[in-house]
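S.K.: no sequence on this one, just coordinates:
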């Protein structure tokens, strides 16, 4: 198949989805505990999102961003109003890696500095700039040399971070909760240290909330729970509930001197309509509150089950279960034996990223399946 060199094809052909379920071409129903890496927070084919897309595509499929459209303007207004305090300038793109690429460019332009400080085990995307700030050698090595002025610090080490940030630093970029790196929640102290260090040296603080934003962790943005406001926050994945859309939200001082940047497909009318409807669903149905309640319930039930695992970590419905080197086997068994689809986070962690519409009954199914697969401690 043409895409085999990029994607390993799974032996399940998906034909349709509804809420937290996906359906294969043979009719098998799967509980979707991955949401294709958090891309459908409102659930698959939410009727409000579907209706908004159908209505918009019938009127206007596309016109590039220099022509104002009502759907794009509506999204600018909604997303800007939902940004962390003081972060209301919105630039739209097509993906998380593009949002992070823009964030690094904007920071370098606004500060007139070049150095980027990022974290070990961090993941920010696969384009050349975002990849330069992504730590894992597996992703970096085939495409080197990348940007040279990047320094990686240990995630959670406030002292090491403070030492790395200097007057040549344009930006510190980090995830409030590392996803690809193993589901590692940050401490408030580490985020505060990043805020202090960047302010002391005139650098931009960038929070990559591509995976953690939009209610995933129990608040609309993960940084809000910590009470730390960045200069730039990036979003994507579930922003248009499965359609390709990313966003870079900036403070005024960044937006005022962001430099020339552009994208042909920035905020197309159809994806903008989908995103506006998605934001309405997230807010109106209080999906952040549901993520917090169901995520905490799921983790409490997993802990009560006394599974033979090394650790269970979560922030809302971003859950990591550290099972050791058998993570891929656990994922296969979940899919084949229990019709539950989940994700890896490295080779040792099973990652759960379901639609934020998940219920406690769905959580019980997951716990029961993991007990069957892993057994319990003697």
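M.R.: Sure, I can see it. Since the structure is predicted, the reported quantities are computational estimates derived from the model, not experimental observations. Residues are numbered from 1 along each chain as shown.

S.K.: wait, what's in contact with the residue most central in space within the chain?
M.R.: Against the mean C-alpha coordinate of the chain, by Cα atoms, centre = their mean, the closest residue is residue 211 at 1.1 Å. Applying Cβ atoms under 8 Å, 6 or more residues apart in numbering, we find residue 211 in contact with 37-38, 96, 175, 177, 179, 237, 318, 353. The way it works is simple: take the backbone N, C-alpha and C, and place the C-beta from them, glycine included.

S.K.: find me the pLDDT at it, would you?
M.R.: For residue 211, the pLDDT comes out at 97.

S.K.: and it, how far from residue 185?
M.R.: 12 Å (Cβ to Cβ, to the nearest Å).

S.K.: mutual contacts of those two, please.
M.R.: residue 177.

S.K.: follow-up on the earlier one: out of the contacts of residue 211, which is nearest to residue 195?
M.R.: Closest approach between the contacts of residue 211 and residue 195, by Cβ to Cβ: residue 175, at 14.9 Å.

S.K.: I'd say the closest one and residue 125 touch.
M.R.: No: Residue 175 is beyond contact range of residue 125, at 11.6 Å (criterion: Cβ atoms under 8 Å).

S.K.: want to try TSV for the contacts of residue 211, with neighbour count, distance to residue 83 and pLDDT as columns?
M.R.: Formatted as TSV, those follow (neighbours: other Cβ atoms under 10 Å; distance: Cβ to Cβ, whole Å; pLDDT from 0 to 100):
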residue	neighbour count	distance to residue 83	pLDDT
37	16	22	96
38	26	19	97
96	29	16	98
175	27	17	98
177	22	18	98
179	25	21	95
237	29	16	97
318	26	20	98
353	28	22	98
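
S.K.: which among those gets closest to residue 246?
M.R.: Looking across the contacts of residue 211 and measuring by Cβ to Cβ, the closest to residue 246 is residue 96, at 5.4 Å.

S.K.: pull the contacting residues for that closest one.
M.R.: 124-125, 208, 210-211, 234-237, 246.

S.K.: kindly check the end-to-end length of stretch 198-207 for me.
M.R.: Stretch 198-207 has an end-to-end distance of 12 Å (Cα to Cα, to the nearest Å).

S.K.: in that stretch, which residues are buried?
M.R.: Within stretch 198-207, the residues that qualify as buried are 198, 201, 203-207, counting by 16 or more other Cβ atoms under 10 Å.

S.K.: let me know the closest of these to residue 14.
M.R.: Scanning the buried residues of stretch 198-207 for proximity to residue 14, where the rule is Cβ to Cβ, the winner is residue 207, at 31.9 Å.

S.K.: got the confidence number for the nearest residue in space to that closest one that is not next to it in sequence?
M.R.: In space, and not counting its chain neighbours, residue 207 is closest to residue 230: 4.3 Å by Cβ to Cβ, 6 or more residues apart in numbering. With respect to pLDDT, residue 230 scores 98.

S.K.: test my guess that residue 272 contacts residue 79.
M.R.: No: Residue 272 lies out of contact with residue 79 (Cβ under 8 Å); the separation is 9.7 Å.

S.K.: the more surrounded of those two?
M.R.: Using other Cβ atoms under 10 Å as the criterion, residue 272 and residue 79 rank with residue 272 on top: 28 against 21.

S.K.: so that one belongs to a helix, correct?
M.R.: Yes: counting by DSSP: H, G, I helix; E, B strand; the rest coil, residue 272 is located in a helix.

S.K.: give me every residue that touches it.
M.R.: 56, 69, 71-72, 74-75, 92, 240, 245.

S.K.: for these, which one is nearest residue 373?
M.R.: residue 240 (33.9 Å).

S.K.: so what's the backbone phi/psi at that closest one?
M.R.: Phi and psi for residue 240, reported as degrees, to the nearest 10, are phi -110, psi 20.

S.K.: same check on residue 185?
M.R.: Here residue 185 shows phi and psi, under degrees, to the nearest 10, equal to phi -70, psi 140.

S.K.: same check on residue 326?
M.R.: Torsion angles, degrees, to the nearest 10, at residue 326: phi -100, psi 20.

S.K.: distance of it relative to residue 309?
M.R.: 10 Å.

S.K.: what about the two, which has more around it?
M.R.: Per other Cβ under 10 Å, whichever of residue 326 and residue 309 has more neighbours is residue 309, with 19 against 15.

S.K.: show me where the stretch 101-250 of the chain has strands.
M.R.: Here the stretch 101-250 of the chain has its strands, by DSSP state E, counting those that start in this stretch, at 115-119, 150-153, 169-174, 177-178, 184-185, 204-208, 232-235, 246-250.

S.K.: if you could redo that for the stretch 251-378 of the chain, that was the one I meant.
M.R.: Going by DSSP E, counting those that start in this stretch, the stretch 251-378 of the chain shows strands at 311-315, 318-322, 340-341, 343-344, 349-352.

S.K.: wait, which of the ones you listed is closest to residue 169?
M.R.: strand 311-315 (27.0 Å).

S.K.: average pLDDT across the longest helix along the chain?
M.R.: Across the chain, the longest stretch assigned as helix under DSSP state H is helix 287-304. Computed over helix 287-304, the mean pLDDT rounds to 98.

S.K.: what angle do that helix and strand 318-322 make?
M.R.: 20 degrees (axes from the mean of the first three to the mean of the last three Cα atoms, to 10 degrees).

S.K.: buried ones in helix 287-304, by neighbour count?
M.R.: Buried residues in helix 287-304 (16+ other Cβ under 10 Å): 287-288, 290-295, 297-299, 301-302.

S.K.: distance to residue 226 added to those, as JSON lines?
M.R.: Putting the buried residues of helix 287-304 into JSON lines (distance: Cβ to Cβ, whole Å) gives the following:
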{"residue": "287", "distance to residue 226": "20"}
{"residue": "288", "distance to residue 226": "15"}
{"residue": "290", "distance to residue 226": "21"}
{"residue": "291", "distance to residue 226": "16"}
{"residue": "292", "distance to residue 226": "14"}
{"residue": "293", "distance to residue 226": "20"}
{"residue": "294", "distance to residue 226": "21"}
{"residue": "295", "distance to residue 226": "17"}
{"residue": "297", "distance to residue 226": "22"}
{"residue": "298", "distance to residue 226": "22"}
{"residue": "299", "distance to residue 226": "19"}
{"residue": "301", "distance to residue 226": "26"}
{"residue": "302", "distance to residue 226": "24"}
